[in-house]
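[1] Please find the sequence and the predicted model below.
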Amino acid sequence: MNKVYLAGPISGQSYDDVVAVINKKKSYLENLGYTVLNPMTAKKAIRTEIKLRSSGYGNPESTNHAIFERDRWMVENTDIIFVDFSSAEERVSIGSCMEMAWGSILGKYIVAVIPKGSVHEHAFVLEAADIVYETTEEALNYLEQFALQDCE
C-alpha cells in the first residue's frame with residue numbers, strides 16, 4: 001500500500017495539539033491501509049515546550065539539521081504528501097512549503113488542504129500541489145477513494 005507523509009503547520013502550536021491532529025489523521029489513514037510517516041517522529045524531547053518554534057532546539061533529535069534531514073528523508077521515501085494548511089491562519093508554514101517543493105521535484109503526489117483566504121494561497125504552493133481541497137474532510141475523503149481505487 002502507499003506511504004503517506006503528513007505535512008502541516010507546527011510552529012506556534014503546542015506539542016500535544018500537533019500530535020493529537022497527526023494521530024487522528026494517522027489512525028484514519030492507517031485504517032485505510034496506508035503507511036503513515038509524520039514530522040513529529042522522534043521529537044518527544046520537545047514535548048514540554050509551551051509553543052513549538054521553527055528552529056533552535058538543542059537536543060540531538062530536534063536540531064535544525066536533524067529536523068531538516070529527517071523530514072527530507074520522509075518526503076523522499078513516501079508516495080503521497082498530504083499537506084494540511086487548515087490550521088495556518090496567519091503564519092506561513094515554511095517547513096511544509098519546503099516539503100511540497102521537495103515532493104514536487106521528486107515527483108511525489110501532493111494532496112493539499114488550502115482554505116479560501118489562506119496565507120498559503122500562493123502561486124508556488126498551488127502549483128506544487130497536484131490536487132487542492134478547501135477542507136481536511138474533503139481531502140481525507142479523496143484519500144479514502146484513492147486507497148480503495150473507488151471509481152464511483
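    Arrived safely.
[2] Kindly state the beta-bridge partners for the residue lying closest to E138 once chain neighbours are set aside.
    When the adjacent residues along the chain are set aside, E138 lies closest to V113, with 7.7 Å between them (C-beta to C-beta, 6 or more residues apart in numbering). No exception for glycine: its C-beta is placed from N, CA and C like everyone else's. Taking DSSP bridges, one finds D84, Y133 as the beta-bridge partners of V113.
[3] ok, M1 to F85 distance?
    25 Å (C-beta to C-beta, to the nearest Å).
[4] Would you mind telling me which of those two has more residues around it?
    F85 (26 against 11; other C-beta atoms under 10 Å).
[5] wait, the more buried one sits on G95?
    No: the pair F85 and G95 does not pass the contact test of C-beta atoms under 8 Å, sitting 11.7 Å apart.
[6] follow-up on the earlier one: list the contacts for the residue nearest to E138?
    83-86, 132-136, 138-139 (C-beta atoms under 8 Å, 6 or more residues apart in numbering).
[7] Selecting buried members of those in PyMOL, what would you type?
    The buried subset of the contacts of V113, as determined by 16 or more other C-beta atoms under 10 Å, is captured in PyMOL by this line:
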select buried, resi 83+84+85+86+132+133+136+139
